[in-house]
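>>> Just to be clear, the model below is a prediction. Sequence and coordinates:
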Amino acid sequence: MEREVHVGISGEMRSPSRRRLLWQYLASMRLAVSLLVLLAIASVIGTVLRQQESYSSYAFRFGAFWFQVYRDLGVYNVYRTVWYMGIVGFLVFSTATCITRNTPRMLREILEFPVRQRESAIRAQEHFLELHSELPAPVLQDRLLFLLRNSGYRPRSESHDGRGHVAARKGKFNRVGYFLTHLAIITICGAALYNADVPVRWSEWMGTLVPETNFNMPLTSIPHSAWMPLHNPAYRGSVTLPEGDTADVVFESAGDGYLVQKLPFQIHLKSFHIKYYSTGMPRDFVSDVVLYGPKGQILKSGVVRVNHPMSYDGTEIYQSSFSDGGSLLRMRSFLLGLPAMAAGKLVGRVGQTLKAGSSGYSISLKNFKMTNVVPWSSVDGHAHPGSPVINLGPSFIYVVHTPQGEAGEFKTYMLPIHRDGQSFFVQGFRETRGAQYTYVAIPAGPHGGISLFVDYLAALQQTLSGGASPTPAVLTQVFQQVAQVDAPTMSPEKQALFIRDSMLAMTQMHDYPAPFILRLSSFHHRWAASLQVTKWPGTIVIYWGCVALVLGIFILFYLPQKKVWAELRADPEGGSRLLLGAGADRNRLEFAREFAGWREALESSSGSTSTSVTR
């Protein structure tokens, strides 16, 4: 940027004031580009890193040290940090300053285009031609006007003090592109600030709005300080709805806690449907939703699926994910080490914690899955080219808490798998979260359950505790005694295979962290849909701002401004003299060829000599 120097009344040179320098800096292209680069970098971070997740997930992903660094920088919610909104606001101010400063001059350029131009200004143009012609000045002027009209210009001419003046231009509205691009930036950034819900963020910074960190607190017990205003202009929250349930609030993630946003309507989930690929991955999941008004009237009903939200009164409802909605599970409990003990019965819903009698153990039902598609090779160790995967059917996950406060996590598959002619029930367990499951393949008895294995394990423990050695003969004798009661028709070959598989299962259960095994006998499945509710009134404004930005850029690049001035006068030695100057702000190479064509046409038709300058 050139530094302006002002001349006072006395003729002394003086520098512009600090205020004027600040004004020039705020309106400079250098500042605008710097701010746009910073915004681009921050937006890349916000795009690559998923925003507004729980702090625990970020801590698990990055570790304690980098989690704290990134949290202090605000990268977990980039678009609503003070520094990001400050950059956006400063860019709006800088762009508005630039428009305010340059609008008067550009309006004059659009509305006023003088025909007469000083000789020095003509000579200073990017392309300049001085031509001495034998033709009279009026004839030469007519030929110049003819060339300009053939090139698509609408030239104007006038005479003054015995001299002829010609002016022409294209791209009169090129400056409109400048206005559109700058106004588009202001519009987009202003709407983005509006969507950022600055009043709510301000309340958080001032401490009047405090996120709640207890995720198990009932809705009615959440303090008022964690509730956002009912008429909040912009928000993005989520809610998990089991089938048949209704909600009138959403929860917006805020750091290590959440804020509650009351909705102007109620969302009712009638049903949820999901379809799978052959690989077991979800192909499509759809929520059948009804919106109710404050008086119970139906406002709207329809389906919400991935990338196809439901819209109502400026609010968008998106399908986010799905989970178990509290399926009812009926289970059988097999105690380990107690022979001839009948299996107990437990009934509970996913999410509940059950007491295991008076033993002091408790069971937390964590999750339930209808389908479990795995590679065949992980089941029997062999490849199956025609059917590479197998659906193991329903499974559920539960956590057993001991009276001492220890815990172990278990994963149980309902249906048996078949391998080498035998049937097995798969049971997984792990003692720490994040560790790999250790899987046990429990052989199924002739009646399709695990009671034969449990009774055999109990009888074997009782025999060995009496001092017997685990010889093959003892193992066989103990099993035959159990089989006489549980499986009297079992053949000797089947008995031998069952003993072999039982020994392998007992080895796998060496570190089994619970004194019982739960088996799923039946269930009533219930889905839950996670819906994201978004109200961003500025979004439509952003879209129109983008349209204006694209249109402005198109005008700037494809409607370049071209200006031509000429002065003609009679030559004292006879003939006439032409001064022709022209310039273009875009496509300069193409314009140079156009100017060269004018020069050749004028020289060939007037028998003249010329001097041409191209800068």
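Here it is on my side, so go on.
>>> C-alpha only now, for contacts and for neighbours.
Fine.
>>> What ranges does the stretch 1-150 of the chain have for its strands?
Along the stretch 1-150 of the chain, counting by DSSP state E, counting those that start in this stretch, strands occupy 6-7, 13-14, 127-133.
>>> again, but for the stretch 451-600 of the chain
Under DSSP E, counting those that start in this stretch, the stretch 451-600 of the chain gives strands at 516-524, 527-535, 562-570, 576-584.
>>> OK, contacts around the residue lying closest to R569 once chain neighbours are set aside?
Of all residues not flanking R569 in the chain, R163 sits nearest, at 4.9 Å (C-alpha to C-alpha, 6 or more residues apart in numbering). With contact set as C-alpha atoms under 8 Å, 6 or more residues apart in numbering, R163 has these partners: 567-570.
>>> Repeat the analysis, applying 7 Å as the threshold.
Counting by C-alpha atoms under 7 Å, 6 or more residues apart in numbering, R163 makes contact with 567-569.
>>> Now F523: closest residue in space, sequence neighbours ignored.
In space, F523 is closest to L329, 4.5 Å off (C-alpha to C-alpha, 6+ apart).
>>> Tell me what that neighbour is bridged to.
Beta-bridge pairing of L329 under DSSP bridges involves G348, F523.
>>> ok, now the one 5 residues further on?
Going by DSSP bridges, F334 is paired in beta bridges with I517.
>>> That one and F516 touch, don't they?
Yes: assessed by C-alpha atoms under 7 Å, F334 is found in contact with F516 at 5.4 Å.
>>> what about the two, which has more around it?
F334 (21 against 17; other C-alpha atoms under 10 Å).
>>> if I read this right, the residue nearest to F523 contacts S522, doesn't it?
Yes: under the criterion of C-alpha under 7 Å, L329 makes contact with S522 at 6.3 Å.
>>> When those two are compared, which one has more neighbours?
Neighbour totals were compared for L329 and S522, and L329 leads with 19 against 14 (other C-alpha under 10 Å).
>>> Not counting its neighbours along the chain, what's nearest M506?
Closest residue to M506 apart from its sequence neighbours, by C-alpha to C-alpha, 6+ apart: L457 at 8.0 Å.
>>> so how far is E252 from that neighbour?
51 Å (C-alpha to C-alpha, to the nearest Å).
>>> coming back round to it: how many other residues sit next to the residue nearest to M506?
Neighbours of L457 (other C-alpha under 10 Å): 22.
>>> Likewise for E109?
By the criterion of other C-alpha under 10 Å, E109 has 14 neighbours.
>>> cool, and the one 5 residues further on?
The number of residues packed near P114 is 13, by other C-alpha under 10 Å.
>>> Which per-residue confidence value corresponds to it?
If you check P114, the pLDDT there is 90.
>>> any idea how far V239 is from L269?
Taken as C-alpha to C-alpha, the span from L269 to V239 is 11 Å.
>>> One more: L135?
85 Å.
>>> can you map out the strands along the stretch 251-400 of the chain?
So, for the stretch 251-400 of the chain - with DSSP E, counting those that start in this stretch - the strands run 257-276, 282-292, 298-305, 310-312, 315-324, 328-335, 344-349, 353-355, 362-369, 373-375, 389-391, 395-401.
>>> any chance of these in a markdown table, with mean pLDDT and distance to F62 too?
Output for those, formatted as a markdown table (pLDDT from 0 to 100; distance: least, C-alpha to C-alpha, whole Å):
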| stretch | mean pLDDT | distance to F62 |
| --- | --- | --- |
| strand 257-276 | 92 | 19 |
| strand 282-292 | 92 | 28 |
| strand 298-305 | 95 | 32 |
| strand 310-312 | 94 | 35 |
| strand 315-324 | 92 | 24 |
| strand 328-335 | 93 | 37 |
| strand 344-349 | 91 | 34 |
| strand 353-355 | 91 | 32 |
| strand 362-369 | 94 | 26 |
| strand 373-375 | 78 | 30 |
| strand 389-391 | 79 | 34 |
| strand 395-401 | 94 | 27 |
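>>> give me the low-pLDDT residue ranges for the chain?
1-16, 339-342, 377-387, 606-615 (pLDDT under 70).
>>> can you list the domains in it?
Following the assignment in automatic domain parsing, the chain carries domains at 6-109+183-194, 114-171+563-614, 208-233+235-324+528-535, 328-525.
>>> if I've got this straight, L209 is in a strand?
No: counting by DSSP: H, G, I helix; E, B strand; the rest coil, L209 is located in no strand; its state is coil.
>>> pretty sure it is touching S203, no?
Yes: in this structure, L209 is within contact of S203 by C-alpha under 7 Å, at 5.3 Å.
>>> quick one, which of the two is more surrounded?
Set side by side, L209 and S203 show more neighbours around L209, with 19 against 13, by other C-alpha under 10 Å.
>>> Tell me the backbone dihedrals of that one, please.
When read as degrees, to the nearest 10, the backbone of L209 gives phi -120, psi 110.
>>> Next up, the contacts around it.
With C-alpha under 7 Å, 6+ apart, L209 has these contacts: 203, 225-226.
>>> Any chance of these in JSON lines with secondary structure and distance to S57 as columns?
Shown next, in JSON lines, are those (DSSP: H, G, I helix; E, B strand; the rest coil; distance: C-alpha to C-alpha, whole Å):
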{"residue": "S203", "secondary structure": "helix", "distance to S57": "26"}
{"residue": "S225", "secondary structure": "helix", "distance to S57": "25"}
{"residue": "A226", "secondary structure": "helix", "distance to S57": "22"}
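>>> could the domains of the chain go into a markdown table alongside distance to F557?
Shown next, in a markdown table, are those (distance: least, C-alpha to C-alpha, whole Å):
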| stretch | distance to F557 |
| --- | --- |
| domain 6-109+183-194 | 16 |
| domain 114-171+563-614 | 7 |
| domain 208-233+235-324+528-535 | 35 |
| domain 328-525 | 55 |
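>>> so which of those domains comes closest to L551?
Among these, domain 6-109+183-194 comes nearest to L551, with 9.7 Å by C-alpha to C-alpha.
>>> looking at it, P242 is touching A528, isn't it?
Yes: the criterion here is C-alpha under 7 Å, and P242 meets it with A528 at 3.8 Å.
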